[in-house]
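K.L.:
Prediction below, plus the sequence it came from.
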Amino acid sequence: MAAQSHAWCCLARIPLILYLLAITAHAQPNTPAVEISGQPGCGMGDYLKPNMQDCAVDEIMGSNGTLAFTFSVDSSGANYSVLLTLRSVGGSAIMRLLDSGSSTPLIGQVVYFNDAVTESFLRVPASQLTPGQYTVVVQGLGGATQKMLLYLRVQTPPPNVRLAAADKAVIQTIQKECCPAAGNPNAPAVCTSFLPSVLNAKSVDDDLCHQAAFVCDEDGHLTKIDFSNAGLQCKSFPAAIGKLPQLETLMMRYNSFGGATMDDVASVLSDSPAIRRLMLGATNLTGTVPCSLFDDHELRTVMISVNKLEGSLPECVLASPTLEELYMSMLTLTGPLPDTLPTDSNLRVWYAINSDPVTGETAGPGFEGEIPPSIGNAAGLAFIELSGHQLTGGVPVLPEGMRMFEAQGNNLDGGIASPLPAGLVYFDVENNSLTGPLPDFTQAADLVLLDVSGNQLTQALPESLGAAGYNLQYFDLSGNRLSGNINAGDVWDRLPGLRYCMLNDNGFEGTVPASLAAYTNLVYLNLANNSLSGDLQAFAEAITSAPKVSPQKAGRKLFSKQLQQQGSHISAHSTPSPLLARKLFGSYETYTPATLAGWHLNPQNILALGSGNIAAARRGLQQQQATAAQQSESPVQAEVPAAGRGTASVAGPPPDTQQDPAAEVQTQKPTLPSPATQS
């Protein structure tokens, strides 16, 4: 089993470490699997069927997770080839293909790769599709979110067709208009090797219809063109493309059309009624967005990101009932977002980030006005990214199918509509001016990440917060005006999956919940700058409970690897506590007023608590309190801590505690990887 490949469609663009990961990683025994042939339009009984064009499977996966898709070829063999196209939204991912008789996977070739959107393809000729089951393993490599959406498209082109003469003439015209003169040392590989080879193919397997991600129908007419990242320098948008009446997918991103306008594109494609997917990101397009492009075609996917367009977003774009995916990041469009999504909208992905997460640079002022309430009409809308604009108002009612919603860094100043939808896994509206209470979480049992930090939210923690159960991992309420008892209801007894918990810079009252210390997954907790009170006895006892994973049980090498993966700097020579081994205390400040009767917990004190050496911690606290009293201009009587209680303010490590230079605990709040802008 071997895949077709060409130089410009490039694994070379993936960092070496990711390439090695792709080669060596295999599906784990517990990897969830999705049977492709059982999906609508994807099979014939238990097997794939020939000439499939619209077989698509979408799933949600952790940004560092693994997911498998399976399909089968019947005993008579395949009378088709297989083309797999994977797009991940919200993070980067790679795919590999294994058959039941091979231990060496085929690696998908990456078309483009960044933290926000990644697309790759993998092609297997009919002659190499032996009967049996095949497994497509998708590996997440992190990215913009904790979860990502996966779109796997499966096509089964006919095996023996050759490029029709009329279509060959079109490709030759594109070659002439978009490639430099022969002998130019800067000519891209698509001009010097790929096109000369496929346009003069001697065999069927070498024909353009069977190369890279190109697809032809049974008559040899092109239905898909993919020149992504090819380095073409066209004088304008090639008019010859309009002579391909069967063309459904045109992928030309990261090339140059020499400043052609969007009206030029619409004019050329007016003779291509079958066009459904149009990917023109980063192609130096200018002008306004013409409605004729949407009115004259049943477009499903449109990418126009990173182009210097003018004006505002016309109503016809979001009003299109056929549009499923819209990528419009880092554009120079302004004005309000039209509130025109129809009740029969099929929109699933709307990606429109306006600021570079690395440099902070914006393409322009961005959109203004409210987030369109009509997004609720798109029942299948699963992903919205509207960060870095000047949007105002609140967060409207989200559609039932919403999985990921992100609108950070705007001017949102209203409330968050309740309830959050049942399927929501990622909700990030940090750094706005949102007001009112937290939303109702009763239905949001799948919620994994919630970040509402840096707003002006008020009132108490809702008891419904516990509805997320074990799923909730990242929880940031910092920098708001929330108040009330931090132990509202039994919230902290129902969120054992928490890994990051930031409640700092609010007005919470009460004692620190011992439940937080006992959570075995927690890696970061920040309760600073609240109005907490009481003692830490129950918290200290919980922090020293036996860990679920230890070097003795898991093996020191494995344990050390786990710590490295989790970003821990704590030596594996120390017996870990559930809290300590995962780098917990970033900032736990002024638990009670800043007096000698208060605890100030720093990494060294937590190290003592985490090792179970409470007695050493008490002695150290007592000694340091006495030292502080002696050095004070007004001596203070040192108070001996009672058993199980800490009553001294401490600044250094307790004696009798083994110190490790690598045991420092960082105090900076962890941040998620930011999405790349060119999507």
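P.N.:
Yep, that arrived. Worth saying up front: this structure is predicted, and the values here are computed from it rather than measured.
K.L.:
All the helices of the stretch 101-250 of the chain, residue numbers only.
P.N.:
Per DSSP state H, counting those that start in this stretch, the stretch 101-250 of the chain carries helices over the ranges 165-178, 189, 195-198.
K.L.:
nearest to residue 129, of those?
P.N.:
Nearest of those to residue 129, taken as Cβ to Cβ: helix 195-198 at 21.4 Å. Just so you know, the C-beta spots here come from the backbone N, C-alpha and C atoms, and that holds for glycine as well.
K.L.:
Give the buried residues for that closest one.
P.N.:
Across helix 195-198, burial judged by 16 or more other Cβ atoms under 10 Å covers 195, 198.
K.L.:
Mind checking the helices of the stretch 101-250 of the chain for the one nearest to residue 120?
P.N.:
helix 189 (18.0 Å).
K.L.:
what helix or strand does residue 483 sit in?
P.N.:
strand 481-485 (DSSP states H and E).
K.L.:
That strand pairs with which strands?
P.N.:
Here strand 481-485 has these sheet partners by DSSP bridges: strand 456-459 (parallel), strand 507-510 (parallel).
K.L.:
what about the helices of the stretch 101-250 of the chain, which gets the closest to residue 538?
P.N.:
helix 189 (65.5 Å).
K.L.:
Which other helices and strands does that closest one contact?
P.N.:
With contacts taken as 3 or more Cβ pairs under 8 Å, 6 or more residues apart in numbering; DSSP states H and E, helix 189 sits against no other helix or strand.
K.L.:
averaged over its residues, what pLDDT does that helix have?
P.N.:
For helix 189, mean pLDDT is 94.
K.L.:
got a list of contacts for stretch 432-442?
P.N.:
394-395, 407-420, 447, 452, 454-462, 464-468, 477, 482 (Cβ atoms under 8 Å, 6 or more residues apart in numbering).
K.L.:
hang on, the earlier thing: I'd like to know which of the helices of the stretch 101-250 of the chain lies nearest to residue 331.
P.N.:
Per Cβ to Cβ, nearest to residue 331 of the helices of the stretch 101-250 of the chain: helix 165-178, 23.8 Å.
K.L.:
re earlier: just the buried ones from the contacts of stretch 432-442?
P.N.:
Buried members of these, scored by 16+ other Cβ under 10 Å, are 394-395, 407-410, 412, 414-420, 447, 452, 454-455, 457-458, 460-462, 464-468, 477, 482.
K.L.:
gap between residue 153 and residue 216?
P.N.:
From residue 153 over to residue 216 the distance is 16 Å, taken as Cβ to Cβ, to the nearest Å.
K.L.:
coming back round to it: out of the buried ones among the contacts of stretch 432-442, which are inside strands?
P.N.:
Among the buried ones among the contacts of stretch 432-442, the residues falling in strands (DSSP state E) are 457-458, 482.
K.L.:
May I see those residues arranged in TSV, with pLDDT and distance to residue 436 as well?
P.N.:
Converted to TSV, these look like this (pLDDT from 0 to 100; distance: Cβ to Cβ, whole Å):
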residue	pLDDT	distance to residue 436
457	98	7
458	97	7
482	97	11
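K.L.:
CSV please, covering those and showing distance to residue 497.
P.N.:
As requested, those are exported to CSV (distance: Cβ to Cβ, whole Å):
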residue, distance to residue 497
457, 23
458, 27
482, 22
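K.L.:
of these, closest to residue 106?
P.N.:
Distances from residue 106 to these, taken by Cβ to Cβ, are shortest for residue 457, at 49.2 Å.
K.L.:
In contact with that closest one: list those residues for me.
P.N.:
With Cβ under 8 Å, 6+ apart, residue 457 has these contacts: 416, 434-438, 477, 480-482.
K.L.:
now do 6 Å
P.N.:
480, 482 (Cβ atoms under 6 Å, 6 or more residues apart in numbering).
K.L.:
measure residue 123 to residue 216 for me?
P.N.:
In this view, residue 123 and residue 216 are 13 Å apart by Cβ to Cβ.
K.L.:
Which residue of these two possesses the greater neighbour count?
P.N.:
The neighbour count for residue 123 versus residue 216, taken as other Cβ atoms under 10 Å, is higher for residue 123 (25 against 22).
K.L.:
and the more buried one, what are its bridge partners?
P.N.:
Beta-bridge partners, per DSSP bridges, of residue 123: residue 83.
K.L.:
Could you double-check that it sits in contact with residue 83?
P.N.:
Yes: with contact defined as Cβ atoms under 6 Å, residue 123 counts as touching residue 83 (4.9 Å).
K.L.:
any idea which of the ones in strands among the buried ones among the contacts of stretch 432-442 is closest to residue 235?
P.N.:
Of all these, residue 235 sits closest to residue 457, with 53.6 Å by Cβ to Cβ.
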